[in-house]
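Asks: Just a sequence and a predicted model for now, questions to come.
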Number of protein chains: 2
Amino acid sequence: MKIIPIREGLSLKRSIDQGTSMERASVERILEDVRSNGDEAVRRYTKEHDKIEVTQTLVTPEETEQAYQTVDEDTLVIIREAIENIRDFHQRQVEQSWMTTKEDGTILGQKVTALDAVGVYVPGGRAAYPSSILMNVIPAQVAGVKRIVMTSPPQKNGSLDDIVLVTASELGIKEIYKIGGAQAIGALAYGTETIEAVDKIVGPGNIYVALAKQQVFGTVAIDMIAGPSEVAVLADDTANARFIAADLLSQAEHDPLSSAVLVTDNEKLAKEVSKEVTVQLETLPKQEIAEASINDHGAIYIAETFEKAIDAVNELAAEHLELHVKAPWDVLPKIRHAGAIFLGEYSSEPIGDYFAGPNHVLPTNGTARFSSPLSVQDFTKKSSIISYSKQAVQQHGKKISAFARLENLEAHARAVELRLEDDHS
Amino acid sequence: MKIIPIREGLSLKRSIDQGTSMERASVERILEDVRSNGDEAVRRYTKEHDKIEVTQTLVTPEETEQAYQTVDEDTLVIIREAIENIRDFHQRQVEQSWMTTKEDGTILGQKVTALDAVGVYVPGGRAAYPSSILMNVIPAQVAGVKRIVMTSPPQKNGSLDDIVLVTASELGIKEIYKIGGAQAIGALAYGTETIEAVDKIVGPGNIYVALAKQQVFGTVAIDMIAGPSEVAVLADDTANARFIAADLLSQAEHDPLSSAVLVTDNEKLAKEVSKEVTVQLETLPKQEIAEASINDHGAIYIAETFEKAIDAVNELAAEHLELHVKAPWDVLPKIRHAGAIFLGEYSSEPIGDYFAGPNHVLPTNGTARFSSPLSVQDFTKKSSIISYSKQAVQQHGKKISAFARLENLEAHARAVELRLEDDHS
C-alpha cells in the first residue's frame, strides 16, 4: 500500500457514476412508458431486459415455501438474531409526537406520522444481499409504515433468489413483485393496474435503478444515491497491524472503486500494515477486486501529530471510521464527520454490516458532513401543530398583523384582525 | 369561488417550474465559472445581473448601524418576540446523542453532531421577508451550527434592505455577503478566495437560485425546492364563513399560483364562503394577485359526508391545513398528511407565518406525504456508534462470519475471525 505524508492532501471522493446520456435517455423513456402503459410496459421491459416472460409478477406463497427448503436451519437462526438486533436498535430511534401548552390556551407541537407506503428495491443476482433487505425494511416497519412492497428482478427460472424470499418472509413482507430495473422504479412511483404507487423508494441498484430513482424524485421520496463503500482507520502506536489490514481488505473486496485508508502518526505501524495487506491479499478469493481497490483508492497517510490525524479523518468524512487507538472514547468527541464510528480494535467494520444493529446504509463520498445513516426517521414525517385560543389571539393579534404589514401582506393582517373584532361563538 | 362536488376529483398539485433549457444552461455556466474563477466571476455576474459594482461584498458594521436608524422601536419589539417564540419552539426539537450498553461490553448508539457551516440565501427586493430569515437561521443556531453565512443580492444603492440587515443583526449573524443569484449559490457551494464553502444551503430564491441549488446538490446539502404556497380548510357546519374567506385570501395574496381550497360537507357554508371571498376581495391591495389565485387554483369542494371530507384533505396533503370544526382535536388523529395543522377557528394561518414559533418552511405540492417542516434536525446529522468488546466478539463472532460467507464476502468473515484467534493485548 502507498504510504503518503498527509500534507500532500487527501480525499476519499470519487466521481459518482451519473450514467451516459444514452443511459439517462433510456431510463427517461422507460419511466414515461410505464407511466402511460402500466403493467403492459413493465412486462415488455422485463421480457426485453431480464429475458423472461413473467405472467404473474406477484410472488406466491408456494414460491416462498419452496425457497425455505434450500436454506439451512443455522442460517435461519443467524438471520433471526440479526433481525432482533437490528429491530432493537431502530426501536430506540422512534420519535414521539409532542406538544407544549401555555395557560392562555395556546398549544404548539409536532405530530409524527409514518409514511403510508414504501417500496424497497432489491437488486438481482449476485448483488442480492439479505442484509440489505433487513437494513431497508426494518426501519420502515419500526416507523409504522403499513404497506411495504418489495421488487426484485426475476432470475432465469422465473422466480427470485431463495435467500431473498426467505429473508422477506422472515420480516413478514408479503407484497413482492418480480420486476426490476427502471421499470420497477416507474411502477413504484406512478403505480400500475396491479401495483399501487408508494410514497418513498429505498434500496440499492445498478446505474439504471439509480438514474430512475433520481428522475422520480419529487413525485416520491428516495433514499440517498450511494457511492462506492469506504473505510478510514485512525490508529496510534497501540494498534494491531493484522487487524487493521484485515479490515481494510474487507472494505476493498466490495468493489474496485471501494476506498480503504489508514491515517496514523506512527510510521512503524504504517509499514507493518502495508506489509500485512500484501500478505493477507494473497489468499483472498476476491483478490483481484481487493487489489484494484487498494492500488487505486487505498492509502496510508502519515500525520505529523495525532491531532493532525484526527483533523484528517474529519476531512475525509468516511462512511465507516474505525478508531484503533488506546482510548477510543477520548477520541470520539473530536470526530465530527463519519457515517458509523467503530470504537476499539475488536469493533471490526463487518460487525456493523449485518449483526450489531445499527443501519449499514450510510452516507458515502464525504456526504457524512451533512447526511445520516438510514433510520426510522426516514420513514416518518412531521406536521406542525398550532392551536391558538381566542384569548391568545386577543393578546398577540395586533403584533401578528403588524408583522404581516411589515411584509406587505395586508390580507394576512386582516385575517388576524377579523378574529379581534368578530365575536363568533 | 367555484363550488365542486368532491367526487369529480381534486388536487393541489401544480407543475413546478423547472426553468427553460436556456435558464438551466445559463445556471450551469455560472456555477462552473464561479467554481473556476472564484471572486472575480462572482463580481462579474453581480455587475452583469444586479447592475452594480460591489468592491467589498462583506457587509460592514456601519451598514448595519445605518439600517437600525430606519427601523422603529415597535417593529424591533415584535421581531424580538417572534425570535423568542421561534427559538423556544425549535429548542424542543433538539435531539440528544444516545447509547445503549450490554453487560458483555457492547455499546451501541447514535452521536448527533451539528453541521459545520450553513449558508442562508435571502432574496432581494420585494421578496425579502424578515420572517424567512428567522425561520431559516434560528433552527441552524439551535442545532449548534458554528458558522452561519447569509447572502443576498445588493440593491441599487450597493447595500441590502434595512430590515434584512436589522433582522440578521438581531440574530447575531455577522458574515453577510452582498451577492445573489446563481453566483451566490456557487460561491457557497464551492467556496471562493474570500468566502469559505458551506455544507448546506437553505432559503428561498428565484428560478435561477432554485436551479443552482438543484445543481450543487450532492456537493452540499440543500433544503427542499418549495412550490407555490397552499392552504386547505376543513370545515363543518359550526364554521365561521368570514374567518375562512379571510384565511383563503391570505394565502391567495402570495402569488397567482398559490392555491386556497375549502373542503366541507355543508353546502350552506360553501355558498357563504364563496360570497364572503368576493366581498373581502374587493378591498384587498393585492386584489389582482389574489383573484387570479382564487380563480385558477381555488375551489370549494363539497363532500357527501364529513369522513369523505377528511379523506380529501389527506389526499391533498396541503402545506397548511386549518380545521374549522367543532372538535378539532377529535379530527387531528385522522389527519395523516399536512405540513402544518391549525386547530380551531382562532388559529388563523398567518399566526404560524411569523409569530407562534413553528417553522413556516413547509412541504408543498403534496410532498407533505413524505416531507416535514424545516427543523433543527435539518442542521444536524448522526453517526452510528459501535463498540464491541473482546468478549462480545468471542460470543458472536462465528455467527457474524457465517453471515458474511452467506453474502460471499470472505474478507469480511476473516476480519472477524482474526479477532477470535489473535490474542492481542
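Replies: That came through, no problem.
Asks: How much space separates residue A:68 from chain B?
Replies: 15 Å (CB to the nearest CB, to the nearest Å). The way it works is simple: take the backbone N, C-alpha and C, and place the C-beta from them, glycine included.
Asks: ok, that residue - contacts?
Replies: A:166, A:169 (CB atoms under 8 Å, 6 or more residues apart in numbering or on different chains).
Asks: Can you report phi and psi for it?
Replies: phi -60, psi -30 (degrees, to the nearest 10).
Asks: how about residue A:342, secondary structure?
Replies: strand (DSSP: H, G, I helix; E, B strand; the rest coil).
Asks: I'd like to know how many residues surround it.
Replies: Neighbour count of residue A:342, defined by other CB atoms under 10 Å in any protein chain shown: 28.
Asks: before we move on, what SS does the residue lying closest to it once chain neighbours are set aside have?
Replies: Spatial nearest neighbour of residue A:342, chain neighbours left out: residue A:322 (4.4 Å); criterion: CB to CB, 6 or more residues apart in numbering or on different chains. The three-state label given to residue A:322 by three-state DSSP is strand.
Asks: what are the bridge partners for residue A:322, then?
Replies: Per DSSP bridges, the residues bridged to residue A:322 are residue A:233, residue A:342.
Asks: show me what contacts it?
Replies: A:231-234, A:244, A:247, A:342, A:347-349.
Asks: let's see it at 10 Å
Replies: For residue A:322, the contacting residues are A:231-235, A:239, A:243-244, A:247-248, A:251, A:262, A:313, A:328, A:338, A:340-345, A:347-349, A:352, B:386, by CB atoms under 10 Å, 6 or more residues apart in numbering or on different chains.
Asks: On the three-state scheme, residue A:300 is what?
Replies: strand.
Asks: That one pairs with what?
Replies: Here residue A:300, judged by DSSP bridges, has bridge partners residue A:3, residue A:262.
Asks: separation between it and residue A:232?
Replies: Noted for residue A:300: a distance of 11 Å to residue A:232, by CB to CB, to the nearest Å.
Asks: what's the answer for residue A:349, then?
Replies: Distance from residue A:349 to residue A:232, by CB to CB: 10 Å.
Asks: same question, residue A:155
Replies: 37 Å.
Asks: Looking at the two, which one has more neighbours?
Replies: The neighbour comparison of residue A:155 against residue A:232 (other CB under 10 Å) goes to residue A:232, with 28 against 17.
Asks: What distance do you get for the more buried one to residue A:248?
Replies: Between residue A:232 and residue A:248 the computed distance is 10 Å (CB to CB).
Asks: Equivalent analysis for residue A:80, please.
Replies: 31 Å.
Asks: Between those two, which is the more surrounded one?
Replies: Remark: of residue A:80 and residue A:248, residue A:248 carries more neighbours, 32 against 11, as counted by other CB under 10 Å.
Asks: Burial check on residue A:135, number of neighbours?
Replies: Residues near residue A:135, counting by other CB under 10 Å: 26.
Asks: for it, what are its contacts?
Replies: A:82, A:86, A:90, A:120, A:129, A:202-204, A:353-354, A:358-362, A:373-374.
Asks: same thing but 8 Å
Replies: Per CB under 8 Å, 6+ apart, neighbours of residue A:135: A:86, A:359-361, A:374.
Asks: for residue A:211, same thing?
Replies: By CB under 8 Å, 6+ apart, residue A:211 lies in contact with A:18-19, A:23-24, A:27, A:182.
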